[in-house]
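# Predicted model, plus sequence, below.
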Amino acid sequence: MLGLNVTVVILTFIAYVLPFLAPKFFPFLSVLTLVLPFFLIVNALFFVYWLLQMKRQMIASGLVLILGITFINKFYKFSALDLPKEEGDMVVMSYNVRLFNLFQWLPSPHVKEDIRRFINEMNPDVLCLQEYSENAGVDLRVYKYRTVFMQGYQIKSGQAIFSKYPIIDEGQIAFEGSDNMLVYADIRKGRDTLRVYNMHLQSIKISPDVNEMEQHVDSINKRKSTMVLHRISEAFKKQQIQAEELMEHKKECRYPMIICGDMNNSAFSYVYRGIKGDLNDCFEEAGKGFGATYNFKYYPARIDYIFADRRFKVKSFQHFPEFKNSDHFPIVTRIKLEPR
């Protein structure tokens, strides 16, 4: 038990350091950031185990838990924030719609209509969609202004930003050697101009289907585990390059900014730390529970985010794990730009 405890403590310390180290230097070790919450739980169990026996071995896990207290809000929020609605509030929604089920991954024939209805019910002022496809024919004409960048041949897909406010400038960053991309729109709201980024970083690509992905977990062996680790490592290296492109691009922005999208990585990663920078993670500010955004039954994975400039006051945040019309869940926040 002591040997296992020491092993978990060492792995946890390594996971603490990894957000500060570029994945390209330690690609295999970077995988540990995905399971950091599991390490914290195991350390808590070891702490209780040694505490009940009144043994000093509890100190190691106790120290790890104290050092990791800053990570807790990234994994689980005990209470939500829901401030009263006011004039000037803005609702922002981010959702990876998985091509609106264009290739019938889900058996329901009503997926795209359910997504459209959900969007109308949430009625966001700014809507960021990843894996968007015009081929699905989803009517979002309620939005007068839109920024859409697509790629591909017969079936085109990409990123889209829909807005109730005028879009005065737009652009994209097509990531080299990847089907993923980043788009942005400068939005005029009253007298203010806001920059909205919609990102979709490199997928881990364990499997194109969630059910198949779960089969990897159910029937894992040495060959498959090595393959999965290799894919995750390669994806993390690509994500680092993509995140650095975003970080460089946003340096030139003089407007209050919002960054939405599918990061395909955890809140304990180098990529998360770099993109978030000094922005607020809206889940951390106002969310509740695990904040899971990916439909994976073995782990409450939070890989979709809305970050907001500190000039915005985050007033509420919601995620919708019961809305299973994609492999991701939608997230919605309500924010307000504070006067200078």
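Looks like it came in fine.

# Please make it C-alpha for all contacts and neighbour counts, starting now.
OK.

# Report the backbone C-alpha coordinates of the helix or strand hosting residue 9 in CSV.
Residue 9 belongs to helix 2-17 when assigned by DSSP states H and E. As requested, C-alpha coordinates have been extracted for helix 2-17 and formatted as CSV (Å, rounded to 0.1, in the frame of the first residue of the first chain):
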residue,chain,number,x,y,z
LEU,A,2,2.8,2.4,0.8
GLY,A,3,4.6,1.6,-2.4
LEU,A,4,1.4,2.3,-4.4
ASN,A,5,0.8,5.5,-2.4
VAL,A,6,4.3,6.8,-3.2
THR,A,7,3.8,6.0,-6.9
VAL,A,8,0.6,7.9,-7.1
VAL,A,9,2.1,10.8,-5.2
ILE,A,10,5.0,11.0,-7.6
LEU,A,11,2.7,10.8,-10.7
THR,A,12,0.5,13.6,-9.1
PHE,A,13,3.5,15.9,-8.6
ILE,A,14,4.5,15.3,-12.3
ALA,A,15,1.0,16.1,-13.4
TYR,A,16,1.1,19.4,-11.4
VAL,A,17,4.2,20.5,-13.3
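
# for it, packing partners?
Under the contact criterion of 3 or more CA pairs under 8 Å, 6 or more residues apart in numbering; DSSP states H and E, the helices and strands touching helix 2-17 comprise helix 36-52, helix 58-67.

# Show the contacting residues for the closest residue to residue 186 other than its chain neighbours.
By the measure of CA to CA, 6 or more residues apart in numbering, the closest residue to residue 186 outside its immediate chain neighbours is residue 195, 4.5 Å from it. Contacts of residue 195 were listed using CA atoms under 8 Å, 6 or more residues apart in numbering, and they are 184, 185, 186, 187, 253, 255, 256, 257, 258.

# Is residue 43 in contact with residue 67, as I believe?
No: Residue 43 sits out of contact with residue 67 when judged by CA atoms under 8 Å, with a separation of 11.8 Å.

# Quick check on these two: which one has the bigger neighbour count.
Higher neighbour count among residue 43 and residue 67: residue 43, with 24 against 12, using other CA atoms under 10 Å.

# Now do the contacts for the closest residue to the more buried one other than its chain neighbours.
Spatial nearest neighbour of residue 43, excluding adjacent residues (CA to CA, 6+ apart): residue 61 at 5.2 Å. Taking CA under 8 Å, 6+ apart, we find residue 61 in contact with 5, 9, 43, 44, 46, 47.
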